[in-house]
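>>> what shape does this take:
(3 chains)
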Amino acid sequence: MEALKQELKSKIIEVLNLEDIAIEDINDNDPLFGDGLGLDSIDALELIVLLDKEYGIRLADPKQGKAIFESIETMAAYIAENRTK
Amino acid sequence: MQKCYINGMGCVSSQETYDTSFLESVEINTTENIVYAKQPSYKELIPPAAARRMAKGVKMGLAASTKALKEANVEVPDAIITGTGMGCIEDSEKFLKALIDNNEEYLTPTNFIQSTHNTVGAQIALGLGCKGYNFTYVNGSISFESALLDAKLQLENEEENTILVGAADETSSHTMELFKLVNIIKKESDQPYSVLDSNSSGVVYSEGATFVTLENVKKENSYAVLEALQIQNELNIDEVESFISSFLEKNNLKIQDIDVVVLGNNGDISFDTYYTAVDSLFDQIPQVYYKHLSGEFNTASAFGFWVAASILKNQAIPQVVKMNSFEKANFSKVLLYNQFQGKDHSLVLLSKC
Amino acid sequence: MKVAITGMGIISSIGNTVEENFHSLVSLKTGLSTISNIETIHKDIIKVGEIKLTNEQLAKQLNLPSDNNYSRTALLGAIAAKQAVENAKISDMNAYKSGLISATSVGGMDMTEKYYYEYFENEACQKYITSHDIGDNSQKIANCIGLKGMVTTISTACSSAANAIMLGARLIQSGELDRVVVGGTDALAKFTINGFKTLMILSDDYNAPFDNNRKGLNLGEAAAFLVLESETIVKKENREVLAYVTGFGNANDAFHQTASSENGDGAFLAMNKAFKMAKIQPGEIDYINAHGTATPNNDLSEGRAIIRIFGENVPDFSSTKPFTGHTLAAAAGIEAVYSILAIQNNIIFPNLNFKTNMEEFNLTPQLTLKEKEIHHVLSNSFGFGGNCSTLIFSKN
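Down below sits the predicted model:
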């Protein structure tokens, strides 16, 4: 699980082009959207593709993303449970 | 009817034009058939969270517009009107390439969102919180002039009082390769490249952004007045002379009233003949060219506009843009003529404030 | 100052002429179907408003030589513009100061995506390289209608054609031009299909504007052009005037790159400006042709803006996108034609597929064909980049 979280952080930084942010800057329970990392709705769509491409998880409705992408913690838990690759 | 004053300008180009005084140092390129714009430092201009998704064209446009507004001492304009020939072509390419390479799977939205042609104007509006009129013109080498015309009509009618008008175009690798295939871009073997002494077809391609603040009031630091302009989709070479003379006539001017002509020569021998065709009209006044500095691209004429307005403000022509040796003590009217491959002709008339 | 509309032309998935479009509208016949002209992995999943003619068939209609390098966008645009010019009974296009203001978002993308890599290997397809350029598409349309003069193009995503109509009206009002052919054209492309797919706003069903359970939009392709002429030409040539452009407004939402603000600020401002120019009150509008794309975001934002303008007295309104799909840069062009048809025939076209009111407000679009006297129609169009445009068309 720890490895998955680290992997997620690095992938998020890469995919979302968060140049000024390091893996250490993201805490597992920090909110990704709003006050935390400051991600927005376009980032949410990028993360949906990340789930599909890297872990074989397809979300049909972007609204599902809201709960999944709350933090690294929730995201990792969801992936661990639902991944197909 | 109100007049249309140029009260601020910002220019990002393949020369040092952003943080320097007017053409104080230039490099003449003879060896590259694609010349990239010198990028200003964006750190102070764009918050990192916003910059991470921005294309080069958007960043250049933001930098140029910031300076244009600052010079005119304007915080938020009433309207924003942009011209671009290709929009954010790099993002279009990235999205298209990913689409083809991955057989339409795993595509992400960021490049697609940026790929719409109105991204530059929209991002400037978003950054400034400007809810006013916002148009983007996309029509080859008259993209910028279309934006100018729209702004001029609204300022003269006092529909708006302050309009940010500009142009931005970026290069991108795939499109540049395609342009080489069809000889829009000069061949390597055509070196050394030159605009005036060229014996090859095609152009040296480049990119850049120029923004200007137009207002219907004169300010202390006004550059010039935008008097008139005209756009024409196509002309035969033998029609150019009457195109120019009827434009002058329409504006109650004679050819002798023009003090400087700024021409869009780009070193393509197949089409620079359009400029030589009108040489005799302007053989008694200083002629100016600029695409040896800016390179050619859809909105390179905005760089020419920046040159012309600066000449009027400074009342001096830098040696590096002179095409002939005629001197004049002062300049009150400057005419710009531009076209690309015999299409999209524009005439712009500026006068001293 | 009002500007006369003296001609119109259209090609869309519900018809290749104005008459065919009208016939489909009054017979409630949608043009949405599965894709047949484009190879895409999404072809069995999504429905689109596709024109069932091949490029070769379109080129033949225009009598183009077989070695032409028209993109589909240019082909569609040329057909609609030619119809408009014929409809206005123009014999010599350049007898007056004339212009063409076109609008497109994809330009020649259909060819670029087809030959992206092939360009480097096959010289025969290289003729399409310059067709990608948006301005090149407009130039070809100008050639097809024999126009020499001012030609320019507006690309503000899905509000493009509204802005083209706006600029055309402004050019006539200011005396800059006497006659302007205005409109928009966009062909379906894999590029846009996949682009909207990544935004997750494509419906896998028939789009249902203003319905609580709407799932997004269907894309479409179309082109439509109007001929705008000055009072002088109208009098001199004894023109039949179809309707007038009496008001227009453009504003920016300045909220988000793609999404509209929750309260529809941009839309509200655009509608207000249009009323000011038309010098009419909201209560005088007989029909709103809404943007109504059926995305969750658009319909909420637009609905709120409409309520802000009209309060309790929202006039009959509908989105015609269930008929045609969302035709992007052409949308405001085809909806201008539908607005004029509504005025000419005193009829309101229904908002298909609507079942349930949205939970956020109590707005019910017009659900059946409705005949009533129509004097003023308001048409909205909004695009990415916060671009919001409103046009008002009037009978007199």
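
>>> could you use CA atoms for every contact and neighbour count after this?
Will do.

>>> does chain C have contacts with the lengthiest helix in chain B?
Secondary structure of chain B read by DSSP state H shows that its longest helix is helix B:56-71. No. Helix B:56-71 is not in contact with chain C by CA under 8 Å from any CA of the partner chain; minimum separation 12.5 Å.

>>> list the contacts of that helix.
Identification of contacts with helix B:56-71 by CA atoms under 8 Å, 6 or more residues apart in numbering or on different chains yields B:7-12, B:18, B:39-40, B:42, B:45, B:51, B:75-77, B:87-88, B:119-120, B:123-124, B:164, B:166-170, B:208-213, B:221.

>>> one more time with 7 Å
B:8-12, B:45, B:75, B:88, B:120, B:124, B:168-170, B:208-213 (CA atoms under 7 Å, 6 or more residues apart in numbering or on different chains).

>>> also stretch A:21-35?
Residues contacting stretch A:21-35 (CA under 7 Å, 6+ apart): A:9, A:10, A:36, A:37, A:38, A:39, A:40, A:69, A:70, A:71, A:72, A:73.

>>> out of those residues, which one sits closest to chain C?
residue A:40 (9.9 Å; CA to the nearest CA).

>>> I'd like to know how many residues surround that closest one.
Residue A:40 sits with 12 neighbouring residues when counted by other CA atoms under 10 Å in any protein chain shown.

>>> let me know the pLDDT of it.
With respect to pLDDT, residue A:40 has a value of 87.

>>> again with residue B:284
So residue B:284 comes in at 93 (pLDDT).

>>> quick one: the nearest residue to it once chain neighbours are set aside and chain A, what's the gap?
Leaving aside its sequence neighbours, residue B:284 sits nearest to residue B:326 (CA to CA, 6 or more residues apart in numbering or on different chains; 7.0 Å). Taking CA to the nearest CA, to the nearest Å as the measure, residue B:326 falls 53 Å from chain A.

>>> next one: residue C:300
Applying CA to the nearest CA, the value for residue C:300 to chain A is 16 Å.

>>> can you confirm that residue is in a strand?
No. Per DSSP: H, G, I helix; E, B strand; the rest coil, residue C:300 lies outside any strand segment and is helix.

>>> hang on, the earlier thing: in helices only, show me the contacts of helix B:56-71.
Under the assignment DSSP H, the contacts of helix B:56-71 contribute B:120, B:124 to helices.

>>> from the contacts of helix B:56-71, which would you call buried?
In the contacts of helix B:56-71, burial by neighbour count holds for B:8-12, B:88, B:120, B:124, B:168-170, B:208-213, counting by 16 or more other CA atoms under 10 Å in any protein chain shown.

>>> isn't residue B:203 up against residue B:294?
No. Residue B:203 is beyond contact range of residue B:294, at 11.4 Å (criterion: CA atoms under 7 Å).

>>> parallel or antiparallel, list what pairs with the lengthiest strand in chain B.
Counting by DSSP state E, the longest strand found in chain B is strand B:224-234. Strand pairing for strand B:224-234, using DSSP bridges, gives strand B:5-12 (antiparallel), strand B:343-351 (antiparallel).

>>> contact partners of it?
Contacts to strand B:224-234, defined as CA under 7 Å, 6+ apart, come from residues B:4-6, B:149, B:309, B:312-313, B:342-353, C:148-151.

>>> so what's the residue nearest to residue C:87 when sequence neighbours are not counted bridging to?
Leaving out its chain neighbours, the residue that sits closest to residue C:87 by CA to CA, 6+ apart is residue C:7, at 4.9 Å. Applying DSSP bridges to residue C:7 gives these bridge partners: residue C:227.

>>> can you show me the strands along the stretch 251-353 of chain B?
Assigned by DSSP state E, counting those that start in this stretch, the strands in the stretch 251-353 of chain B fall at B:260-263, B:287-289, B:333-340, B:343-351.

>>> average pLDDT for the shortest one, rounded please.
Per-residue pLDDT over strand B:287-289 has a mean of 98.

>>> other SSEs contacting it?
Judged by 3 or more CA pairs under 7 Å, 6 or more residues apart in numbering or on different chains; DSSP states H and E, the packing partners of strand B:287-289 are strand B:260-263.

>>> what packs against the strand it packs on?
Against strand B:260-263 (3+ CA pairs under 7 Å, 6+ apart) you get strand B:287-289, strand B:333-340.

>>> report the buried residues of it.
Those would be B:260, B:261, B:262, B:263, for strand B:260-263 by 16+ other CA under 10 Å.

>>> mind exporting that strand as CSV, just the C-alpha atoms?
Provided in CSV are the C-alpha atoms of strand B:260-263 (Å, rounded to 0.1, in the frame of the first residue of the first chain):
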residue,chain,number,x,y,z
VAL,B,260,7.1,56.0,-44.5
VAL,B,261,5.9,52.7,-45.9
VAL,B,262,6.4,49.4,-44.0
LEU,B,263,6.4,46.4,-46.2
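
>>> how far is it from where the chain is centred?
Chain-centre distance of strand B:260-263: 15 Å, with CA atoms, centre = their mean, to the nearest Å.

>>> around chain B, pick out the residues from the stretch 101-250 of chain C.
C:105, C:113, C:129, C:134-135, C:148-157, C:191, C:194-195, C:198-199, C:250 (CA under 7 Å from any CA of the partner chain).
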